[in-house]
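A.B. asks: A predicted structure for the sequence below; I have some questions about it.
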Protein chains: 4
Amino acid sequence: MPHPADRPLAVALIGYEFMGRAHSQAWRTVNAAFETPPVIRRVIVGRDQERVGAAAQRLGWEESATDWRDVIARDDIDIVDICTPGFLHAEIAIAALEAGKHVLCEKPLANDPAEAEAMVAAARAAAERGQVAALGFNYRRVPALAHARDLVAAGRLGTIRQVRASYLQDWLVDEEAPMTWRLRRETAGSGALGDIASHAIDQVQYLTGARTLAVRGRLATLVPERPGEDGPEPVTVDDAAWATLELEGGAFASVEASRVATGCKNQLRIELFGNRGALRFDLESPNELWFLDATAPIAEQGYTRILVTEPEHPYLAGWWPQGHVLGWEHTFTHQARDLLQAVAAGHPGAFSPAFEDGLALQRVLDAVIASDAQDGRTVAL
Amino acid sequence: MPHPADRPLAVALIGYEFMGRAHSQAWRTVNAAFETPPVIRRVIVGRDQERVGAAAQRLGWEESATDWRDVIARDDIDIVDICTPGFLHAEIAIAALEAGKHVLCEKPLANDPAEAEAMVAAARAAAERGQVAALGFNYRRVPALAHARDLVAAGRLGTIRQVRASYLQDWLVDEEAPMTWRLRRETAGSGALGDIASHAIDQVQYLTGARTLAVRGRLATLVPERPGEDGPEPVTVDDAAWATLELEGGAFASVEASRVATGCKNQLRIELFGNRGALRFDLESPNELWFLDATAPIAEQGYTRILVTEPEHPYLAGWWPQGHVLGWEHTFTHQARDLLQAVAAGHPGAFSPAFEDGLALQRVLDAVIASDAQDGRTVAL
Amino acid sequence: MPHPADRPLAVALIGYEFMGRAHSQAWRTVNAAFETPPVIRRVIVGRDQERVGAAAQRLGWEESATDWRDVIARDDIDIVDICTPGFLHAEIAIAALEAGKHVLCEKPLANDPAEAEAMVAAARAAAERGQVAALGFNYRRVPALAHARDLVAAGRLGTIRQVRASYLQDWLVDEEAPMTWRLRRETAGSGALGDIASHAIDQVQYLTGARTLAVRGRLATLVPERPGEDGPEPVTVDDAAWATLELEGGAFASVEASRVATGCKNQLRIELFGNRGALRFDLESPNELWFLDATAPIAEQGYTRILVTEPEHPYLAGWWPQGHVLGWEHTFTHQARDLLQAVAAGHPGAFSPAFEDGLALQRVLDAVIASDAQDGRTVAL
Amino acid sequence: MPHPADRPLAVALIGYEFMGRAHSQAWRTVNAAFETPPVIRRVIVGRDQERVGAAAQRLGWEESATDWRDVIARDDIDIVDICTPGFLHAEIAIAALEAGKHVLCEKPLANDPAEAEAMVAAARAAAERGQVAALGFNYRRVPALAHARDLVAAGRLGTIRQVRASYLQDWLVDEEAPMTWRLRRETAGSGALGDIASHAIDQVQYLTGARTLAVRGRLATLVPERPGEDGPEPVTVDDAAWATLELEGGAFASVEASRVATGCKNQLRIELFGNRGALRFDLESPNELWFLDATAPIAEQGYTRILVTEPEHPYLAGWWPQGHVLGWEHTFTHQARDLLQAVAAGHPGAFSPAFEDGLALQRVLDAVIASDAQDGRTVAL
């Protein structure tokens, strides 16, 4: 199902909160920065008619709607972009794929394995028909991380033996911050683990190109109760999570995530150690990649701060001259570009991660939970 | 001339190269991020019909046109945004103001003082009619620098005594980089001085709130000739510039600019030293502001890295949650916001810098040139 | 046994390799920097007469000797400083304490628990007689870390909930680096765990003031064999180690150590997250402490880089004016100072860590090994 | 006059304040770290008998004395190390050289040109006799800066076009800090210029290997009066100084020095920009050198943080394993090493800077003053 070149691709966006705003920015911008099929922001969908109408106006969508099923049924929609809470992902994505749409689904893929497996099945069937089913792990499109991936793939690190990944935030430091659905297991599934450790683990696998074979994990709830509507209420998800991963090929990775890491606003930090080189990254300085070439003369060795703003760097040719940095939101524009190019090429496999990558990642997260439930013992995948 | 609330403001953009692309991004984005009057990208103007037509499509303008005079005459245009080379600024801006339009003019204001003075006169007359004449020094809208300005204005630095500002780039390091109009005095006026030292000097004055009283300057052409079309050709503008400024109130500032500063991609660096505090900034890490409170206990003193991504910081409430950084282009969106709000309020003086600030800055730059021509002697303003 | 004020304290140093050199530098320097009893470098002891004689001359000791028992028996020795390999610590330290000497013993306390317990018993008995038995964890005397401890103790971090500590080195990256006694379990006990994770864990407990209640641990040998004298030989200690610690009071700490962390020369990094503040440190920049005051106004919050070189900072008054940084070796001079002051005061408890702290730490390390041996399960202490 | 190998070299140190303490540390340490002739701390000299006696004991000198003339006359002194205030340098140094001693003289060489010229003459005559006359610019012996010099000399920067050097301190920020001899022209000569800009200018010339041909300078007294014994007193030296230097070979250097740069404790910062590479250094992180190789592939270019602690780096083989950093004081130990090796080799020219380098530097400083006195005009050298 390569896209017919004679008309723009029309997008329907389901959801208009934080992720909906970020995706809107991407759809609004992608044609100006990149050579892709032209795209039209056709309709934005939400449950509250008034609010979704205001969002349509503010975010620049032609129409708004309240029933995603109606929207999916329309002929004038090519791409369905799912930015709803996770528990709705499966139903919408499967329906959209079955209706012949390309789908972009925000992470996490789903809230439980059965749903995720059904989504993978639907995606496979749709791929046969040329439809793209894309999963939104936007940090794969930070140019510095895409460049890191390229350096690893080119062998500049040699054999990778050890990886460190952490994702630290601090928005739950205040013990008086109230209970929300994000802090209850039944609505959120897990806490820091699913929310942010998932990005860290995805990066470990993405950058090394290696699957996880086994994990040991630990979870902790460091602020055990918080003010609820009727007095103190127990927090039933993790505030922090730790894991060690055994990777294909023999490397080990450590992962740590926290939402009580005081002063860390959005620190996805990654370090890769190979026998020929090393890499370091921090999402709070997303335009910088630190690379060490261990084959250079000893007296000149050290981490090199690469300012990833050159036309030679991934995604940068679409933007500004060297030294003019990008921000967090650009990752979504890059994601939109890659999705559109996969659609245009009629090559669903060109976009990564696919739904099955999301399922594999979910299994790693589940193994962390299982390990913690077994007092830390190794859980194989 | 407060804007009538019943219809969007329509913009005409003159120019579609680097600055035209950046301004397009701003007009495309501003309504999604900020509470402003709605804006319409009505028409983009350029000399080459085919290329401006392609730009209109790519950058999302309703129409394209080749004659800016026709466009200015249209009733359905409210704002004229001038992104042409500097030598065209005066003619277009004056005409647009006289036609009753609000004007945003990219820096530099003009190429010579007489033009600049005429522009200032036109802006003053237009202000009487409620029209905004805005000058585009976008770095005033880096949130970290706007926050720096707020800290200074709140007295957190006490009396500022010394300022250091430099703007270092490296795109002329290669001595085989060919001659261009930017390297000839008759077309470019000056080199690093007007192009980038201008930003540094604007920041010195903006952040301290003090005018320059006198300067000593030096200019140097470090690569004296470059390959031209007919063999080596002399470079007749400066590759690097240095100045010391005496500021109102007794502080001194040093300024250095270079286009041969190897490895510096876009380093606008600023340091402010006061008797109660200090500030530091580098445009290559634009989301960070370093603040030192000299009244804190000695054992706890030091420069604090403020990640300027909180809703409490200037412009940030319109964007993403804390820790989600902005890029270079956002400065233009902030500029568009401030312009639209000044228009909506019918208060031309609400936008800074005004044309007269551009004229004052131009006089400082001219004084640097005059000082160098007099072997470095002090030139008063 | 307060020291008689009428004569200098005489030191005997056992060992003249790396640690012997560092301790010599400390004894040579301490009187010039600090108010302490005067000290005399009386005798240095080693097995090889020629080499220890050369060391005595080079390092500035009055005499050299080859039999530590003879030296301990001398009346003109006050302090015995043990810098031998770990397996000799117990025998020498116990004999010296029984001979009435003050003892400084390098880490680790001993190679097995029985020895360590005997040492603790000897130290307790000696303390009754006023003798100091000091354990050499020199990083407690990095001024920045001592300052960190003071800030924590003063409540500037509030309740600490999460700690991250890692010690990363890279001297085993090269898989052709040959086998040594350090890579065999029977001679070295463990690898990165005992050698450097020990420092990280000591800091966790020192800075928080909290004991470890339980651990989960993992060990890995990432380069499984190395060139031995007769061909490839298996490495039987860990190249890398990971642990999570539950601390008294409810905080969790993660620990990671590696000797194959490419490009990390000597990175003991520590982060402490409390509900009122946070701290960060990296031994590669030992004069810097990063402190975040979470009670400051949001718009001014961030990590403050404190250059720990002010007279108000621990140990600094003895050295140079502000801004004149110290190096790695100064930690030993500070250790010597604190030991001498404890001796002068006749107050053995004034020096920390004591032998019993070393035993407690050893038990944590053993628990990490035990946990790994049980597939990662929690081991309580 | 190569040193006879059969006895140690005996040092007399004149002065026991800050510099006297630092030099004592060097003489105390040099034999332990480096292969040099053995050295004896024979006598320390000061005017106040009681205080110099206490210093001798504390700093580890065999004797103390109050008359430097007597000391210079002694046969058992080989090296005279002058750490007195500058106005005494000439008299002592010339007398010591004439008495056949090797001399190490702290910077500045002298307080006026006539004295400096006489010192140079004495040094030349002494060099004929094999005596070393060494000038103490200790920052040439920061390993990172010595390594920088090596990289420049090896051509790794190509042609250097632009240099930036600044030395920023903040100990005069407080306007209530009282008057001292350092703030009066008649006793101090100049302010920030002679005290710290001198180091910056020495580094410019040392690192590039190029002499200064002409300067433009500016001086400013930013706190014009301070509390004296009898009320407010005018400050008659500069608080801050700026200069641009034209160097042999066509490069330009900017220099800035300040003692009111709030929050800058001891920031000697240097940047060198060449057509094949660049270097950056900050004395507050003295173990780090930042090197950019402009011939590397664009996508991998950036400043590399070299942790200058490898045995391959200058001076490091004498100290500790990689990653174990040095401090400020080690520069003096390196200076002592180089002096002793020049003495041992009987090769006075092996030590740099010589007295004549100090005279040349003084002339640059005088040219800055002369330029400022002529309203900033160029002064040739």
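C.D. replies: Yep, it's here.

A.B. asks: What residues does chain A have near chain D?
C.D. replies: Contact residues of chain A with respect to chain D, defined by Cβ under 8 Å from any Cβ of the partner chain, are listed as A:147, A:151, A:291, A:293, A:297-307, A:310, A:312-313. C-beta here means a position set from N, CA and C on the backbone, and glycine is covered the same way.

A.B. asks: One more pass at 10 Å, please.
C.D. replies: Counting by Cβ under 10 Å from any Cβ of the partner chain, chain A comes close to chain D at A:147, A:150-151, A:156, A:288-293, A:296-308, A:310-314, A:316, A:322.

A.B. asks: and chain C, which of the residues you listed reach it?
C.D. replies: For chain C, the contacts drawn from the residues of chain A next to chain D by Cβ under 10 Å from any Cβ are A:Trp290, A:Phe291, A:Leu292, A:Asp293, A:Gln301, A:Gly302, A:Tyr303.

A.B. asks: so what pLDDT did A:His86 get?
C.D. replies: If you look again at residue A:86, you'll see it is Gly, not His. Predicted confidence (pLDDT) for A:Gly86: 89.

A.B. asks: Now do A:Asp70: how many residues are near it, please.
C.D. replies: 11 (other Cβ atoms under 10 Å in any protein chain shown).

A.B. asks: Helix, strand, or coil at it?
C.D. replies: helix (DSSP: H, G, I helix; E, B strand; the rest coil).

A.B. asks: now the strands for the stretch 51-200 of chain A?
C.D. replies: Per DSSP state E, counting those that start in this stretch, the stretch 51-200 of chain A carries strands over the ranges A:63-65, A:79-82, A:102-106, A:133-136, A:160-168.

A.B. asks: Make a markdown table from these and add mean pLDDT to it.
C.D. replies: Rendered in a markdown table, the data for those read as follows (pLDDT from 0 to 100):
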| stretch | mean pLDDT |
| --- | --- |
| strand A:63-65 | 98 |
| strand A:79-82 | 98 |
| strand A:102-106 | 98 |
| strand A:133-136 | 97 |
| strand A:160-168 | 98 |
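
A.B. asks: what residues does the stretch 251-381 of chain A put near chain B?
C.D. replies: Counting by Cβ under 10 Å from any Cβ, the stretch 251-381 of chain A sits next to chain B at A:263-268, A:283-288, A:305, A:307, A:309-310, A:319-330.

A.B. asks: Buried subset of these as a PyMOL selection?
C.D. replies: To isolate the buried members of these in PyMOL, using 16 or more other Cβ atoms under 10 Å in any protein chain shown:
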select buried, chain A and resi 263+264+265+266+267+268+283+284+285+286+287+288+305+307+309+310+319+320+322+323+324+325+326+327+328+329+330
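
A.B. asks: what about A:Gly249, distance to C:Asp174?
C.D. replies: Distance, A:Gly249 to C:Asp174, by Cβ to Cβ, to the nearest Å: 19 Å.

A.B. asks: and if you look at A:Glu62?
C.D. replies: In terms of Cβ to Cβ, A:Glu62 sits 61 Å off from C:Asp174.

A.B. asks: Tell me which of the two has more neighbours.
C.D. replies: Taking neighbours as other Cβ under 10 Å, A:Glu62 and C:Asp174 compare with C:Asp174 leading, 14 against 11.

A.B. asks: Please tell me how far that one sits from chain A.
C.D. replies: As judged by Cβ to the nearest Cβ, to the nearest Å, C:Asp174 and chain A stand 7 Å apart.

A.B. asks: For that residue, give me its contacts.
C.D. replies: Residues counted as contacts of C:Asp174 (Cβ atoms under 10 Å, 6 or more residues apart in numbering or on different chains) are A:Asn275, A:Ala294, C:Val223, C:Arg226, C:Val260, C:Thr262.

A.B. asks: Could you dump those residues into TSV and include secondary structure?
C.D. replies: Compiled in TSV, the contacts of C:Asp174 are given as follows (three-state DSSP):
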residue	secondary structure
A:Asn275	coil
A:Ala294	coil
C:Val223	coil
C:Arg226	strand
C:Val260	coil
C:Thr262	coil
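
A.B. asks: What about these, which one has the most neighbours?
C.D. replies: Highest neighbour count within those: C:Thr262, with 28 neighbours (other Cβ under 10 Å).

A.B. asks: For A:Glu288, name its beta-bridge partners.
C.D. replies: On the basis of DSSP bridges, A:Glu288 takes part in beta bridges with A:Leu307.

A.B. asks: and it, what is it in contact with?
C.D. replies: By Cβ under 10 Å, 6+ apart, the contact list for A:Glu288 reads A:144, A:280-282, A:305-309, A:325, B:284-285, D:302.

A.B. asks: same thing but at 8 Å, please
C.D. replies: A:Glu288 is in contact with A:Ala144, A:Phe281, A:Asp282, A:Arg305, A:Ile306, A:Leu307, A:Val308, counting by Cβ atoms under 8 Å, 6 or more residues apart in numbering or on different chains.

A.B. asks: Let's have those residues in CSV, adding distance to A:Leu207 and pLDDT.
C.D. replies: Formatted as CSV, those follow (distance: Cβ to Cβ, whole Å; pLDDT from 0 to 100):
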residue, distance to A:Leu207, pLDDT
A:Ala144, 11, 98
A:Phe281, 9, 98
A:Asp282, 14, 98
A:Arg305, 18, 98
A:Ile306, 15, 98
A:Leu307, 19, 98
A:Val308, 15, 98
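
A.B. asks: So A:Ile72 is in contact with A:Val80, correct?
C.D. replies: Yes: with contact defined as Cβ atoms under 8 Å, A:Ile72 reaches A:Val80; the gap is 6.2 Å.

A.B. asks: can you list residues touching both of those two?
C.D. replies: Common neighbours of A:Ile72 and A:Val80 (Cβ under 8 Å, 6+ apart) are A:Ala12, A:Ile92, A:Ala96, A:Lys101.

A.B. asks: For chain A, which segments count as helices?
C.D. replies: Ranges of helices within chain A are A:18-33, A:49-59, A:68-73, A:89-98, A:113-128, A:143-153, A:185-188, A:192, A:198-208, A:330-345, A:355-373, based on DSSP state H.

A.B. asks: looking at those, which is buried most?
C.D. replies: helix A:192 (a mean of 29; mean count of other Cβ atoms under 10 Å in any protein chain shown).

A.B. asks: so how far is that one from its chain's centroid?
C.D. replies: Centroid separation for helix A:192 versus its chain: 14 Å, with Cα atoms, centre = their mean, to the nearest Å.

A.B. asks: ok, now stretch A:340-358?
C.D. replies: 14 Å.

A.B. asks: Any idea which residue is closest to the centre of chain A?
C.D. replies: By Cα atoms, centre = their mean, the mean C-alpha position of chain A lies nearest to A:Phe137, the distance being 1.8 Å.

A.B. asks: I'd say A:Ile369 and A:Gly194 touch.
C.D. replies: No: applying Cβ under 8 Å as the test, A:Ile369 and A:Gly194 come out as separate, 9.2 Å apart.

A.B. asks: Run through chain A and note the low-pLDDT ranges.
C.D. replies: Applying pLDDT under 70 to chain A flags the ranges A:1-5.

A.B. asks: Could you list the domains of it?
C.D. replies: According to automatic domain parsing, chain A comprises the domains A:9-139, A:143-285+A:287-326+A:361-373.

A.B. asks: Dump those to a markdown table, plus distance to C:Arg42.
C.D. replies: Listed next are the domains of chain A as a markdown table, based on distance: least, Cβ to Cβ, whole Å:
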| stretch | distance to C:Arg42 |
| --- | --- |
| domain A:9-139 | 61 |
| domain A:143-285+A:287-326+A:361-373 | 39 |
